[in-house]
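> need coordinates for the following:
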Amino acid sequence: MINAVNGTTVAGYSNGTSCSDSSCLWRPLGIDIDENENLYIADTGYHRVQYWANGATIGKTIAEVTS
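Next comes the predicted model:
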């Protein structure tokens, strides 16, 4: 909400813990929200794009750079 004093964690862990499972983010760079309020997050630390369906408690990797 615009001008809100407090926020709500909607992806990743609110305590800033880093990990590599689908719920964690490491150096997220960009976020997009589609018309159904699903989240797409560019997670640069893990070289992937994470998808969170609206209301989901865990994300899903939908694109990833592997070596």
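> check which helices and strands the helix or strand hosting residue 49 sits against.
Secondary structure assignment for residue 49, by DSSP states H and E: strand 48-52. Counting contacts by 3 or more CB pairs under 8 Å, 6 or more residues apart in numbering; DSSP states H and E, strand 48-52 is packed against strand 39-43, strand 60-64. In short, each C-beta sits where N, CA and C put it, glycine included.
> can you redo those as TSV with mean neighbour count?
Formatted as TSV, the entries for the helices and strands packed on strand 48-52 read as follows, by neighbours: other CB atoms under 10 Å:
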stretch	mean neighbour count
strand 39-43	19
strand 60-64	11
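> can you put the ones you listed in TSV and add mean pLDDT and distance to residue 31?
As requested, these are arranged in TSV below (pLDDT from 0 to 100; distance: least, CB to CB, whole Å):
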stretch	mean pLDDT	distance to residue 31
strand 39-43	92	5
strand 60-64	93	14
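> export those to CSV and tack on distance to residue 25?
Formatted as CSV, the helices and strands packed on strand 48-52 follow (distance: least, CB to CB, whole Å):
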stretch, distance to residue 25
strand 39-43, 5
strand 60-64, 11
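> just how off-centre is the strand holding residue 49 within its chain?
Averaging C-alpha coordinates over strand 48-52 and over its chain gives two centres that are 6 Å apart (CA atoms, centre = their mean, to the nearest Å).
> just stretch 28-41 next, same as before
The answer for stretch 28-41 is 8 Å, by CA atoms, centre = their mean.
> which parts of it are buried?
Residues 39, 40, 41 are the ones in stretch 28-41 that count as buried (16 or more other CB atoms under 10 Å).
> so how far is the first residue of that stretch from its last?
Start-to-end span of stretch 28-41 (CA to CA, to the nearest Å) is 7 Å.
> before we move on, what about stretch 40-56?
With CA to CA as the measure, the ends of stretch 40-56 fall 12 Å from one another.
> ditto for stretch 26-35
Using CA to CA, the span of stretch 26-35 from its first residue to its last is 25 Å.
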